[in-house]
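> sequence plus predicted model, see below.
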Amino acid sequence: MEPIIFTSGLRKIYRIGKVEVPALRGVDLVVPEGEFVAIAGPSGCGKSTLLHVLGGLTPPTSGKVLVDGNDFSSMSDGDRTRFRRHKIGFVFQRFNLLPTLTAGNNIAIAQHIQGNGFNPHRFKAIVEMLGIQDKMNHKPYALSGGEQQRVAIARAVICEPKILLADEPTGNLDSENSQIVLNMLRGLNRSFRQTILMITHNPDAAAVADRVLRMRDGRMLLD
Amino acid sequence: MDTKMVISNLLHRPARTIISILAVALEVVMVLLVVGICTGMLSETAKRVEGLGADIVVQPPGASFLIGVTNAPMPIKIGDLLEEKVPHLLHVMPVLILMNTSGGVNNVFGINQDQFDEVTGGFVFHSGGWFTGHDDIIVDDLYAKAGHLSLGQRLTLFSHSFRIVGIVEHGKGGRLFIPMQTAEELNGTQDKATIFFIKCTDPGYTDEVISGIRRELPGYPVRSIAEFTSLYTSNNLPQLNKFMSALISVAVAIGFLVTFLSMYTTITERTREIGILKSLGASRTYIMEVILREAGILCVMGIVAGEVGTVVVRRLSETYFPTLYVLLTPQWGLYAALLALAGALLGAAYPALRAASLDPVDALAYE
C-alpha cells in the first residue's frame, strides 16, 4: 500500500531579504496510512516548517513531497489550498480558534469552507466524542485551554481529513489537559485509523505515538 | 455562515463599526442634500412661477430664464399692445423684478393689484391685505416664518424701509411683493417690466396666442409656462452641474477613504484569523468575499442611516429654514445608494486583495 506521506530530499529555504535560511535540508519521510507519528526535536530544528510543507501552507523549495499521492512540489497555491480543504486537518499549539465565533460555529465553519454543507450527525458525533457538547454556545475566551484545544481538534476532524497535522498540541496546556488531548488524539487514531503527524518537544507527549522520529538542524535523524 | 462570521466581526468592534456606518451615512446625506438643495431651489422656483396661473411668459431678447437676473428693458405698453392685437389673449401682467441681495438673495416682484388679480386669481391672505401705501410690502408665509416676521413689522430692502401689510400663501411667483410704482422708483426706471405673464381666454389657445405674440414681438422669447418651467433644471445651468458633481465626488471619496481605512485596519488586526481560515482551506476568493461582504454590510447600514438621516434633515430644514426647499426623489435615493456601495466596495478592494494574498504561515505567526 502506498504511504500517505512520502518525502524525498525535501528542502525548504526561506529568503529574508538577501539572507537565505535553510529550514529543511533534505528530509526523507515515509508515513503509512493510519499511523500515529510523533516528530521530536529542539526548537528551530524545522519541525513546524515540515508540518507547514506537508499541510500545503507553504511550497517546498526542492525535493519530492507526495501527500496522498499528490505531488506538492508541482501544485499551485490554489491546488494546495483545495487539497488542504478536503484532506488535511490542523491542530495548533495556540488553538487558533476564531475569537468572534462560538465553539459550535468554529467547528461548523470548517464544514462550510469545505463546501459540503453542515452535517449535523457528524457534528454531534464529534463533539460528543470530545466531550464538548455543552460548550457549543461559548466563545473561545469563555473556555479553558483544554476545552479550546478539544474544539480545535473537533474542527480539524469534522471534515474527515486524510491526515491530521498537530503542531505542539499540548504546548499551552497543563499536564492534566495535555493528557486529555493526547488521549483524544490516540482515540482518533485507534478508532478511526486517523493518520496523525504530531510535532512536539515533550517526550511524554511523543510517547503516545506509534513511532517517534527525531529532527535536528533541518534533517531527520536516523533511528 | 459567512454572514454570521461577518456580523460577529462587526459586533466585536462596535466603535469602528459605528464610525464606518456614520461615514457612509454622511456620504449619502451629502449627496442627497447637495442634489436636493440645488434641484430643489430650481424646482421650487418653477412651481412658484407655475403657481401664478399664467399660460405664457414673455421676456426681453437675450434674457435668462432665471427671472430676476435680467434688468427691465421692456416697456409696459407692450402689454397693452398685446391685449389689443393678439386674439384669445385675456390678460397681461407686467412684473418688475428686483433682486435683493442684503440678508439673502431674493427676487422682489413689483406688481399692480388689478393685473395681478386678473392673471393669478389673487393672493390667499393668511393675514393682512393689499398695499395701501407706497412703502407697503406683502411677504409669503414661508418667508415670514423664516424671518419670524409679522404684520406691521418693518423690513429693509434696497436701503428702503417697508411695512409688512400682508402675509400670503406661498407659491405665487415670488416671496416678496411691492407696489409697481415703488419698484420703478427703486430701479430708476419708469413704465418698464422685466417679464410679462399672460393669461389666455382658454389654455387650449396657448400655442395660437404664442404665435400671435411672436408676430407682434419678433426676437422676443415667448414660451408657454410648461416650456418655461421645464428650463428650471440643472442641465440648463452647466456650472451648477459641475458644482454638484464636484461635491458628489468629495462625498464618494469620503466613503471610499473611510471604508479603505476601516477594512485595512480590520485585516491588520485579524491577520492571524485570516491565517486560520487559510489553514482550514479557505481560498483567496473566499477571503476576499468575506472582507467585501463585511464592507458591503457596513455600507448598506450606512445607506439606510443616510437615507433616513436625509429625511430627518429635510424635516428640520422645513422647520428652521422654510424657504430652503430640499427635493428628494427616489431616483437620487437610488443613485446615492449605488454611489456609496461602489465607493465602499472599491475602498475595500485593496484590503481584500491584500488579505487574500497573505502568506498563511506568516499570518498564523502574527501577534
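That came through, no problem. The shown structure was predicted, so the numbers you read here are calculated from the model rather than taken from an experiment. Numbers count the residues shown, from 1 in each chain, chains lettered A, B, ... in the order given.
> for chain B, what lies in contact range of chain A?
B:1-2, B:4-5, B:8-9, B:11-12, B:272-273, B:275-284, B:286, B:359-361, B:364 (CB under 8 Å from any CB of the partner chain). The C-beta positions use only the backbone N, C-alpha and C, and glycine is treated the same way.
> please look at residue B:278 and residue A:81 and confirm they touch.
Yes. With contact defined as CB atoms under 8 Å, residue B:278 counts as touching residue A:81 (7.2 Å).
> what about those two, which has more around it?
Comparing residue B:278 with residue A:81 by other CB atoms under 10 Å in any protein chain shown, the one with more neighbours is residue B:278, at 27 against 22.
> list the buried residues for stretch B:230-238?
For stretch B:230-238, burial by neighbour count (16 or more other CB atoms under 10 Å in any protein chain shown) applies to B:232, B:234, B:237.
> give me the mean pLDDT for it.
Average pLDDT, stretch B:230-238: 80.
> quick check: end-to-end length of that stretch?
15 Å (CA to CA, to the nearest Å).
> got any ranges where chain A has weak pLDDT?
Within chain A, the segments meeting pLDDT under 70 span A:223.
> using the three-state scheme, assign whichever residue of chain B sits closest to chain A.
Per CB to the nearest CB, residue B:281 is where chain B lies closest to chain A, at 2.5 Å. Counting by DSSP: H, G, I helix; E, B strand; the rest coil, the backbone at residue B:281 sits in coil.
> got the contact list for it?
A:81, A:82, A:84, A:85, A:86, A:88, A:113, A:114 (CB atoms under 8 Å, 6 or more residues apart in numbering or on different chains).
> packing partners of whichever strand or helix holds the first one?
Residue A:81 is part of helix A:77-87 when elements are defined by DSSP states H and E. With contacts defined as 3 or more CB pairs under 8 Å, 6 or more residues apart in numbering or on different chains; DSSP states H and E, helix A:77-87 has these neighbours: helix A:103-114.
> rerun at 10 Å
strand A:62-67, strand A:70-71, helix A:103-114, strand A:163-167, helix B:271-279, helix B:284-320, helix B:360-365 (3 or more CB pairs under 10 Å, 6 or more residues apart in numbering or on different chains; DSSP states H and E).
> export these as CSV, with columns for distance to residue B:59.
CSV is the format used below for these (distance: least, CB to CB, whole Å):
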stretch, distance to residue B:59
strand A:62-67, 85
strand A:70-71, 82
helix A:103-114, 69
strand A:163-167, 84
helix B:271-279, 66
helix B:284-320, 31
helix B:360-365, 70
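> closest to residue B:176 out of the ones you listed?
Ranking the helices and strands packed on helix A:77-87 by proximity to residue B:176 (CB to CB) places helix B:284-320 first, at 20.0 Å.
> what's the following helix or strand after that closest one?
Per DSSP H and E, the first helix or strand lying C-terminal to helix B:284-320 is helix B:330-356.
> would you indicate which residues of that next one are buried?
Buried residues in helix B:330-356 (16+ other CB under 10 Å): B:332-333, B:336-337, B:339-341, B:343-345, B:347-349, B:351-352, B:354-356.
> can you map out the strands along chain A?
A:5-16, A:19-31, A:36-40, A:62-67, A:70-71, A:88-91, A:163-167, A:195-200, A:211-216, A:219-221 (DSSP state E).
> so the fourth one versus helix A:77-87, what angle?
Read that as strand A:62-67. Our comparison of strand A:62-67 with helix A:77-87, counting by axes from the mean of the first three to the mean of the last three CA atoms, to 10 degrees, yields an angle of 30 degrees.
> quick one: the helices in the stretch 1-150 of chain B, in order.
B:2-12, B:14-50, B:77-85, B:113-120, B:141-147 (DSSP state H, counting those that start in this stretch).
> make a markdown table out of those and add mean pLDDT and mean neighbour count.
Shown next, in a markdown table, are the helices of the stretch 1-150 of chain B (pLDDT from 0 to 100; neighbours: other CB atoms under 10 Å in any protein chain shown):
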| stretch | mean pLDDT | mean neighbour count |
| --- | --- | --- |
| helix B:2-12 | 88 | 17 |
| helix B:14-50 | 93 | 20 |
| helix B:77-85 | 90 | 15 |
| helix B:113-120 | 94 | 18 |
| helix B:141-147 | 93 | 19 |
